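**Q** mind looking at a prediction? Sequence and model below.
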Amino acid sequence: MTGFRATFLAGLMTVTALLATPALAQGTTHMARDHLVIDLRFGIEWLRCTVGQVWNGTTCVGDVVRLDHEQIAIAISQAGEQLGEGWRLPTLDELEGLLCKHCEKLSYSRPRAMIDSDIFPETVSEPYWTGQQNGLSRRHYFSVNFFNGWTYGRFLPTQPLAVRLVRDRK
């Protein structure tokens, strides 16, 4: 019984260590399927590419388009026509859930975004919009910066930022 118990505990410790590994945790919550990424944690699906880019079957190509909130409404309408209804800006929690704090930076001349680049390729290292207003300053909205992982609640809706759209899974 002692040998079995020791083996069982050693196996349990190994499983626990693996589950605590950020790469495994990130990989088990996001599943890439063509131009979409299913987010199991939040029950949503993301467009794999930033607005302005297109999924070519291997990566995201094209130039990122930075939008203000008025332009985002048009982009959401176009996404609905082309990809089905329900697209929106992510909440702060949803967008922060994409941050990959263990992802390696290349350099300051060409920094890699703090996001899993295998799942979300060609993500720019800069702030992305959320649809969530700052409760302390209602005229500002939150953003998540994929260069440093910081959250900001200081951008006016008239400022252009990068956008990644999301929708609830059916």
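**A** Happy to help now that I have it. Residues are numbered from 1 along each chain as shown.

**Q** how about stretch 88-102: buried residues?
**A** 88, 89, 90, 91, 92, 94, 95, 97, 98, 99, 100 (16 or more other Cβ atoms under 10 Å). The C-beta positions use only the backbone N, C-alpha and C, and glycine is treated the same way.

**Q** so how far is the first residue of it from its last?
**A** Using Cα to Cα, to the nearest Å, the end-to-end distance of stretch 88-102 comes to 28 Å.

**Q** from the buried residues of stretch 88-102, which is closest to residue 51?
**A** Proximity of these to residue 51 (Cβ to Cβ) peaks at residue 89, which lies at 10.4 Å.

**Q** and the gap between the residue lying closest to that closest one once chain neighbours are set aside and residue 159?
**A** The spatial neighbour of residue 89 that comes closest, neighbours along the chain excluded (Cβ to Cβ, 6 or more residues apart in numbering), is residue 131 at 3.2 Å. According to Cβ to Cβ, to the nearest Å, residue 131 and residue 159 sit 14 Å apart.

**Q** circling back to that earlier point, what about the buried residues of stretch 88-102, which are in helices?
**A** If you go by DSSP state H, those have 92, 94, 95 in helices.

**Q** contacting residues around the first one?
**A** With Cβ atoms under 8 Å, 6 or more residues apart in numbering as the criterion, the residues that contact residue 92 are 130, 132, 142, 144, 151.
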